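Visitor: need a structure here:
(2 chains)
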Amino acid sequence: MEVPGPEPTDETLAARAAAGDEAAFEDIVTRYKARVFRLAWRLTGNESDAADVLQETFLRAYRGLRSFRGASRFGIWLYRVATNAALAHRRARSRRPAESLEAFLPRFDGNGAHATTPAELHVAARADELLDRRVLAERARAGIERLPELYREAFVLRDLEEMPTAEVADVLGLEPATVRQRVHRARLMLRGYLGDLVGVKR
Amino acid sequence: MTDVTCASGVELLMDYLEGALPPAVSADLEAHVAACPRCAAFIASYRETPRILREATAAALPPELEESLLAFLRARRP
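Guide: Numbering: from 1, shown residues only, chains lettered A, B, ... in the order given. Below is the predicted model of the structure:
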């Protein structure tokens, strides 16, 4: 009886695919397609654009496999390809600039103290209990769409895809401190936005 | 010991949660929050925000796209 060996690593599959093994490339696609689609959906905000980015990502990955030298994990490299494909797709669409989320940043009084009550400050934490699931899904999409481009990428990778900050820094070519600063601003804006959705100002 | 206000504390939150603050600054922030119900409430909502948005945007790959993806890639490879 033949005993199946351990699953090949991503890096092994990538090396085989780069050497012309078509089945290895399709194994990579099978392994990553759902994750790349979810990332693309989060970065573009809709299914049709996400489908385009999904195709573009694997096409770019296929053509660029030989440039993957194993300096970082294959998954990080592929996320970089996907993030760049999503960015190029958004730019090609030249959307209207979305209304800023600046208005949802926290407010403080003259002494630097929070200007609203603890109950009001807390309510965003319960947005998913207080809103209908489908309404929340649509508003979440719209809120992320309204983030400044630089914050959106960092926030999606760090907080929605749950990548460690060091890996996000690697994908985006930034210092970890810069990633933290951008994710922090995005969290502040979206926290205020969620609070506003359930009827509380910041 | 430095004076932490709600406003200055908010600016430290991400670095605090990621363990990127010097221990003395973390201790000052913790001391402020322990005595400040507004900051405690704010931090709870700040921490929940990523989870709520993550769960609300977890799109699944539609089956028809899985099929068209492989067909698309096969058609474009030499």
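Visitor: distance of the residue most central in space within chain A relative to chain B?
Guide: Compute the mean C-alpha point of chain A, and by Cα atoms, centre = their mean the closest residue is A:Val156, 2.5 Å away. Distance from A:Val156 to chain B, counting by Cβ to the nearest Cβ, to the nearest Å: 9 Å. Yep, even glycine has a C-beta here, placed from its N, CA and C like the rest.
Visitor: quick one: the helices in the chain, in order.
Guide: Unless you meant another one, I'm taking chain A. A:10-18, A:22-44, A:47-64, A:74-93, A:118-122, A:127-130, A:133-145, A:149-155, A:165-172, A:176-197 (DSSP state H).
Visitor: hmm, I had chain B in mind actually
Guide: Listed in chain order, the helices of chain B (DSSP H) span B:6-17, B:23-34, B:37-56, B:63-76.
Visitor: can you count the residues close to the residue nearest to A:Leu105 when sequence neighbours are not counted?
Guide: In space, and not counting its chain neighbours, A:Leu105 is closest to A:Leu188: 5.5 Å by Cβ to Cβ, 6 or more residues apart in numbering or on different chains. For A:Leu188, the count of nearby residues is 24 (other Cβ atoms under 10 Å in any protein chain shown).
Visitor: how about A:Leu188, what does it touch?
Guide: When contacts are counted by Cβ atoms under 8 Å, 6 or more residues apart in numbering or on different chains, A:Leu188 touches A:104-106, B:10, B:46.
Visitor: and what of B:Glu67?
Guide: Taking Cβ under 8 Å, 6+ apart as the contact definition, B:Glu67 lies against nothing.
Visitor: distance of A:Asp52 from chain B?
Guide: For A:Asp52, the distance to chain B equals 10 Å [Cβ to the nearest Cβ].
Visitor: same check on A:Ala115?
Guide: Distance, A:Ala115 to chain B, using Cβ to the nearest Cβ: 9 Å.
Visitor: that residue is in contact with A:Phe108, isn't it?
Guide: Yes - A:Ala115 lies in contact with A:Phe108 (Cβ atoms under 8 Å); the separation is 5.8 Å.
Visitor: wait, B:Val10 touches B:Ser45, no?
Guide: No - here B:Val10 does not reach B:Ser45: they are 11.6 Å apart, not a contact under Cβ under 8 Å.
Visitor: where in the chain is pLDDT low?
Guide: By default, I'm working from chain A. Residue ranges of chain A with pLDDT under 70: A:1-4, A:94-97, A:201-202.
Visitor: hmm, no, I was thinking of chain B.
Guide: Scanning chain B for pLDDT under 70 picks out the ranges B:1-2, B:78.
Visitor: taking the centroid of it, which residue is nearest it?
Guide: Geometric centre of chain B, nearest residue: B:Pro50, 4.8 Å, by Cα atoms, centre = their mean.
Visitor: apart from its neighbours in sequence, what residue is nearest that residue?
Guide: A:Asp159 (3.7 Å).
Visitor: and A:Ile76, what does it touch?
Guide: A:Ile76 sits next to A:167, A:170-171 when contact means Cβ under 8 Å, 6+ apart.
Visitor: most neighbours among these, which one is it?
Guide: Highest neighbour count within the contacts of A:Ile76: A:Val171, with 25 neighbours (other Cβ under 10 Å).
Visitor: pretty sure it sits against A:Tyr79.
Guide: Yes - using Cβ under 8 Å, A:Val171 is in contact with A:Tyr79, at 5.1 Å.
Visitor: quickly list what's touching both of those two.
Guide: With contacts taken as Cβ under 8 Å, 6+ apart, A:Val171 and A:Tyr79 have A:157, A:163 as neighbours in common.
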